[in-house]
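*Asks:* Next come a sequence and a model predicted from it.
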Amino acid sequence: MTVLLTVSHLTVCYDKAMLLNDISMEVDTGELVSLVGPNGAGKSTLLRAITGLVAWEARLKKRSAQGDITVQGEVSFDGERIDQVPAHRIVEKGLIHCPERRRPFREMNVRDNLLAGAYLMKDKTRIEENLGRVYDLFPVLKSRVRQISGTLSGGEQQMLAIGRAMMSTPKLLCIDEPSTGLAPKTRAEVFAKIREIRGLGITVLLVEQEVSTVFKMASRNYVLSSGKIIAQGHGDDLLQNEVIRKTYLGL
């Protein structure tokens, strides 16, 4: 396989607090790779650092003198170093972040929310093609195109968030905690859609608390704790490690 994403010795500090400590990892083209670990382990910070959002926040804080964020290490995507690249340029390269807690534009309808995901695209034909792909993947969104997004159910809002991320034509889709707050049946539906996305040839980096589910889905897994990668490998191998099971995965 071809390596699509490489993270090398990534460290992130907020003022004096170290949130990520010397993180190194890889994602190959076509994989579904998971990041798991307890709350506060640094999983969301890692996704934000990979996609340029932590560096953007660091620049804002430096300008406003409201604390300090330091980022060290390297991130390469599709053969190019991107840790010094602005977040919107990273989006243009096909590295897309679907954040936790869904976060739709609540006063906008479904279609306009989806179109917001294509705000950097100029090709109207490609935008319509991407809309069609999202509607094929999430038929419920097609039936709700004029519905105000804030009135959707939690599961529908999660599908909308993923669909909005899909509008940017991702090569690598980073999805943060898609099952949070969802009922078991709805969680299963969302996970099934993530499998379909991988089946479309899109590489996925998935942060999730539902360890038993993602270990069955993922090609490989990384376990984070206190800002460090403390284990990696296939799900079956990790589940056989009693320390990992009890201390870090809560199983």
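*Replies:* Done, it's in.
*Asks:* can we go C-alpha only for contacts and neighbour counts from here?
*Replies:* Noted.
*Asks:* For Ser44, pull up the helix or strand it's in.
*Replies:* Assessed by DSSP states H and E, Ser44 sits inside helix 43-50.
*Asks:* What's the first helix or strand after that helix?
*Replies:* Counting by DSSP H and E, what follows helix 43-50 is helix 53-64.
*Asks:* Quick check: which helices or strands does the helix holding Ser44 pack against?
*Replies:* Other helices and strands packing on helix 43-50, by 3 or more CA pairs under 8 Å, 6 or more residues apart in numbering; DSSP states H and E, are strand 17-28, helix 53-64, strand 172-176.
*Asks:* which residues touch it?
*Replies:* Identification of contacts with helix 43-50 by CA atoms under 8 Å, 6 or more residues apart in numbering yields 7, 19-20, 35-37, 54-55, 75, 83, 97, 174, 176, 207, 224, 227.
*Asks:* With stretch 231-249 instead?
*Replies:* Under CA under 8 Å, 6+ apart, the answer for stretch 231-249 is 36-38, 211, 215-216, 218-225, 251.
*Asks:* one more time with 6 Å
*Replies:* Outside stretch 231-249, the residues that touch it by CA atoms under 6 Å, 6 or more residues apart in numbering are Gly37, Phe215, Arg220, Asn221, Tyr222, Val223, Leu251.
*Asks:* Make a PyMOL selection of the buried ones in those.
*Replies:* For the buried members of those, the matching PyMOL selection, counting by 16 or more other CA atoms under 10 Å, is:
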select buried, resi 37+215+220+221+222+223
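*Asks:* Next, format the contacts of stretch 231-249 as CSV and append pLDDT.
*Replies:* Shown next, in CSV, are the contacts of stretch 231-249 (pLDDT from 0 to 100):
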residue, pLDDT
Gly37, 89
Phe215, 92
Arg220, 95
Asn221, 96
Tyr222, 96
Val223, 93
Leu251, 67
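*Asks:* sorry, back to before: any idea which of the helices and strands packed on helix 43-50 is most buried?
*Replies:* strand 172-176 (a mean of 25; mean count of other CA atoms under 10 Å).
*Asks:* I'd like the average pLDDT over the very next helix or strand once past that strand.
*Replies:* Downstream of strand 172-176, the first helix or strand assigned by DSSP H and E is helix 184-199. For helix 184-199, the mean pLDDT works out to 95.
*Asks:* Could you point out the helix or strand that follows helix 184-199?
*Replies:* Using DSSP H and E, the helix or strand that follows helix 184-199 in sequence is strand 203-207.
*Asks:* coming back round to it: farthest-apart pair in the contacts of stretch 231-249, please.
*Replies:* Arg220 and Leu251 (18.6 Å; CA to CA).
*Asks:* returning to what we had before: just the CA trace of the helix holding Ser44, in PDB.
*Replies:* Coordinates of each C-alpha in helix 43-50 appear next as PDB, following Å, rounded to 0.1, in the frame of the first residue of the first chain:
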ATOM      1  CA  LYS A  43      -7.600  12.000  20.200                       C
ATOM      2  CA  SER A  44      -9.500  15.100  19.000                       C
ATOM      3  CA  THR A  45      -6.400  17.300  19.400                       C
ATOM      4  CA  LEU A  46      -4.500  14.900  17.200                       C
ATOM      5  CA  LEU A  47      -7.100  15.200  14.400                       C
ATOM      6  CA  ARG A  48      -7.200  19.000  14.800                       C
ATOM      7  CA  ALA A  49      -3.400  19.100  14.600                       C
ATOM      8  CA  ILE A  50      -3.300  16.800  11.500                       C
END
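*Asks:* I appreciate the help and will end here.
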